[in-house]
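Enquirer: Got a predicted structure here, sequence first:
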Number of protein chains: 2
Amino acid sequence: MKTLADIARAAGVSTPTVSKVLNGRADVAASTRERVEGILREQGYRRRATQPVALLDLVFHELTSAWAMEIIRGAEQVAHDEGLNLLVSKSGGREGGELSWLETIMAHRPAGVLLVVADLTSAEYAQLTARGIPFVVIDPAGELDHDVPSVGATNWQGGLAATRHLLELGHRRIGMVAGPDRLLCSRARVDGYRSALESAGVTYDPALVRGGEFNQETGYKVGLELLRSRQRPTAVFAGNDLQALGLYEAAREAGLRIPEDLSVVGFDDMVLARWAGPPLTTIRQPLTEMAAAAARIVVDLARGKEPTATRIELATSLVERSSTAPPPGA
Amino acid sequence: MKTLADIARAAGVSTPTVSKVLNGRADVAASTRERVEGILREQGYRRRATQPVALLDLVFHELTSAWAMEIIRGAEQVAHDEGLNLLVSKSGGREGGELSWLETIMAHRPAGVLLVVADLTSAEYAQLTARGIPFVVIDPAGELDHDVPSVGATNWQGGLAATRHLLELGHRRIGMVAGPDRLLCSRARVDGYRSALESAGVTYDPALVRGGEFNQETGYKVGLELLRSRQRPTAVFAGNDLQALGLYEAAREAGLRIPEDLSVVGFDDMVLARWAGPPLTTIRQPLTEMAAAAARIVVDLARGKEPTATRIELATSLVERSSTAPPPGA
DNA sequence: CTGAAAGCGCTTACAG
DNA sequence: CTGAAAGCGCTTACAG
């Protein structure tokens, strides 16, 4: 690590002069400035920051989905309002000799950390807490210890609303493409589905619920299974929008029109839901607001203020488009 | 701004002790540690970072589009590989008493800056250069001074390929929804369109080209105009995917089926293109790769290495889906 | 486990 | 325009 003194020596000037060049002061001769700038560049000088860069770390497990953008937008808004700088990174898919995501974060000591769809090991929890770095989990993957602040969406109510919508249209045989069991949000959606059926007096049939990952391949695969079964459902609730789009493909392949022969409801309301053919009826998850709420909690925590609440679920809502209709022959 | 000494005084300990607490050293009594942590929190202490946080600034004009995510992904990849931390912010829509985006960036002295769809005023250019902060413009909005490094896509070739594809299907009356004239990429796409027509011996008809913003409203509005004109086009090349989706709506409203009555080609290949109804034929723009290339240039520049090239255009490519077909009656 | 003393990297105020 | 001197915020090495 080079110091100002090193640079000064190499440039044949004093440290104050180098300091002035670095800080863009006017009282340095042009020729001196140039020489010093050259040496700074050459020697790869990096300043030890004197102003604290107030950072807000936003950590995704994966940076793939369209999903992520809405979260970034919400976090950026609050970060900017609070004078913080938003640092975006991903924790997944990086094993081997490298520093763990947590070590990287510890190294730059952010004012706070936002974790997206994360499982926190208790070791990670302990490290974060020990260093007094406040954090909030957005859309927690699994159960969290009671005192970990988190922001989610009302997934159960969403599953309920989606299924109720189909029931109200007259559907009775309603299938579901479930997400992975390890994810809280996925289990809640399935339970909401089940609960809606039961309170409508429709018997829950486990054969109509098949699970997999939250992607379009699963929607396609599970969709084909459901649509080719003897008593095929007239409607399917997909655990998320990507699965719903996989279902679209399966329906096309099975020769079923949406919504005439098959109704489909998704979950998330990603941008593409609106543009699917036909536009997808889905449950909107307010990701931008969720991220903003999480950021505000973390900022409060960082400033030693007690946030009004540290466990929040924001409301989901049904967005009706054109992928749902009464069942055939209704 | 609180100092360690302030905290020490308030906690009734010495500064070294506070320093130890901050750095997670083991040799502090648990009770002392707790008391000091409490005071640190209470007084909102922020350290003046001693380790330099190596930052890469990624500045968007707007943080809205699905677009942005692919760029973030490319930049994050390189940032991580190079041990930099990716800072995401937006420059647009923030006038008034606040610091300009540039001042904010100057304040944290990043290793480099990546600007997306930006116009750089010469004052901004001068400031960045004076401080020796290297920067690269991704998808430059307008003409840049000769020595500003930039990474773009081959927009002209893309316009050419889109139009050629339609010509090869047999279309002769091909409309275009143009983007704003102020954007370089938009003008290049229009020129590519025109060039393809001319080299196929089809006369360029200015009445078939109508412009507006790069959004779906423009696609809809301009689409209706084109489709309701006396000699309506059998195919339309939209300046970007959002416009193409607006066109979809216009076609629906005009009672035209895609692709049977009207062929549509978009530009960008956003995720939603694949899921549109029908899936959109479009020109793919390799945003992730563009961002990664830009990040690599900025890192080289920051380390005083001469990058292999400072003006790059990455290749676009035609992605054929289901929105294009031979013209009716062909 | 604690803190006085020395030291580090940088900046500021000012004499020339 | 330059740099010797003093100062700032923090850390380190070490005596108790």
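Expert: All right, it came through fine.
Enquirer: Quick check: closest non-adjacent residue to the residue in the stretch 151-300 of chain A that chain B sits nearest to.
Expert: Checking the stretch 151-300 of chain A residue by residue against chain B with Cβ to the nearest Cβ singles out residue A:277 as nearest, at 0.8 Å. To be clear about C-beta, it is placed using only N, CA and C from the backbone, and glycine gets the same treatment. By the measure of Cβ to Cβ, 6 or more residues apart in numbering or on different chains, the closest residue to residue A:277 outside its immediate chain neighbours is residue B:277, 0.8 Å from it.
Enquirer: show me the residues around that neighbour that make contact.
Expert: Contacts of residue B:277 were listed using Cβ atoms under 8 Å, 6 or more residues apart in numbering or on different chains, and they are A:275, A:276, A:277, A:278, A:279, B:248.
Enquirer: separation between the residue nearest to the second one when sequence neighbours are not counted and DNA strand D?
Expert: Counting by Cβ to Cβ, 6+ apart, residue B:275 is the residue found nearest to residue A:276 once chain neighbours are left out, at 5.0 Å. Distance check for residue B:275 against DNA strand D: by Cβ to the nearest atom of the strand, to the nearest Å, it reads 51 Å.
Enquirer: same check, this time on residue A:83
Expert: Note on residue A:83: its distance to DNA strand D, by Cβ to the nearest atom of the strand, is 18 Å.
Enquirer: got the contact list for the closest residue to that residue other than its chain neighbours?
Expert: Spatial nearest neighbour of residue A:83, chain neighbours left out: residue A:54 (6.2 Å); criterion: Cβ to Cβ, 6+ apart. For residue A:54, the contacting residues are A:83, A:84, A:85, A:111, B:46, taking Cβ under 8 Å, 6+ apart as the criterion.
Enquirer: per-residue pLDDT, residue A:94?
Expert: Residue A:94 carries a pLDDT score of 64 in this model.
Enquirer: Could you count how many residues lie near the residue nearest to residue A:276?
Expert: Neighbour count of residue B:275, defined by other Cβ atoms under 10 Å in any protein chain shown: 25.
Enquirer: Kindly report the same for residue A:301.
Expert: The burial metric for residue A:301, expressed as a neighbour count using other Cβ under 10 Å, is 21.
Enquirer: Repeat that for residue A:26.
Expert: For residue A:26, the tally of surrounding residues (other Cβ under 10 Å) stands at 6.
Enquirer: same check, this time on residue A:176
Expert: 28.
Enquirer: Tell me the spacing between residue A:103 and residue A:91.
Expert: Distance, residue A:103 to residue A:91, by Cβ to Cβ, to the nearest Å: 11 Å.
Enquirer: which one of these two has more residues nearby?
Expert: Neighbours were counted for residue A:103 and for residue A:91 using other Cβ under 10 Å; residue A:91 has more, 19 against 10.
Enquirer: can you pull out the helices in the stretch 101-250 of chain A?
Expert: In the stretch 101-250 of chain A, helices defined by DSSP state H, counting those that start in this stretch lie at A:101-108, A:122-130, A:155-168, A:184-199, A:216-228, A:241-253, listed in chain order.
Enquirer: buried ones in the fourth one?
Expert: Going back to what we said before, that points to helix A:184-199. Within helix A:184-199, the residues scored as buried using 16 or more other Cβ atoms under 10 Å in any protein chain shown are A:184-190, A:192-197.
Enquirer: what bits of chain A have low per-residue confidence?
Expert: A:46-53, A:65, A:94-99, A:130-131, A:146 (pLDDT under 70).
Enquirer: Using the record's domain definitions, break it down for me.
Expert: Structurally, chain A divides into domains by automatic domain parsing as follows: A:4-42, A:55-154+A:287-314, A:156-285.
Enquirer: of these, which approaches DNA strand C most closely?
Expert: Closest to DNA strand C of these, according to Cβ to the nearest atom of the strand: domain A:4-42, at 2.9 Å.
Enquirer: In contact with residue A:43: list those residues for me.
Expert: When contacts are counted by Cβ under 8 Å, 6+ apart, residue A:43 touches A:2, A:6, A:7, A:10.
Enquirer: Considering those residues, which is situated nearest to residue B:286?
Expert: If you rank the contacts of residue A:43 by distance to residue B:286 using Cβ to Cβ, residue A:2 comes first, at 37.2 Å.
Enquirer: Correct me if wrong: the closest one contacts residue A:41.
Expert: No - in this structure residue A:2 lies outside contact range of residue A:41 using Cβ atoms under 8 Å: 11.3 Å.
Enquirer: What is the burial count for the nearest residue to residue A:224 once chain neighbours are set aside?
Expert: Distance criterion Cβ to Cβ, 6+ apart; nearest residue to residue A:224, sequence neighbours excluded, is residue A:250 at 4.6 Å. One way to gauge burial is a neighbour count; for residue A:250, by other Cβ under 10 Å, it gives 24.
Enquirer: for residue A:254, same thing?
Expert: Using other Cβ under 10 Å, residue A:254 has 15 neighbouring residues.
Enquirer: Same question for residue A:128.
Expert: By the measure other Cβ under 10 Å, the count of residues near residue A:128 is 20.
Enquirer: Next up, the contacts around it.
Expert: Going by Cβ under 8 Å, 6+ apart, residue A:128 touches A:102, A:113, A:120, A:135.
Enquirer: before we move on, what about residue A:274?
Expert: When the contact criterion is Cβ under 8 Å, 6+ apart, the partners of residue A:274 are A:280, A:321.
Enquirer: Find the helix or strand that it is a member of.
Expert: Taking DSSP states H and E as the criterion, residue A:274 maps to helix A:271-275.
Enquirer: Tell me the helix or strand right after that helix.
Expert: Moving toward the C-terminus from helix A:271-275, the next element (DSSP H and E) is strand A:281-284.
Enquirer: That next one and chain B, are they touching?
Expert: No - using Cβ under 8 Å from any Cβ of the partner chain, no contact is recorded between strand A:281-284 and chain B, whose separation bottoms out at 12.5 Å.
Enquirer: With respect to residue B:256, which of the domains of chain A lies nearest?
Expert: Closest approach to residue B:256 among the domains of chain A is made by domain A:156-285 (14.7 Å; Cβ to Cβ).
Enquirer: Distance from the closest one to the middle of the chain?
Expert: Taking the mean of its C-alpha atoms, domain A:156-285 sits 21 Å from the chain's own mean (Cα atoms, centre = their mean, to the nearest Å).
Enquirer: Over to it now: how far is its first residue from its last?
Expert: 12 Å (Cα to Cα, to the nearest Å).
Enquirer: With stretch A:205-212 instead?
Expert: Using Cα to Cα, one end of stretch A:205-212 lies 18 Å from the other.
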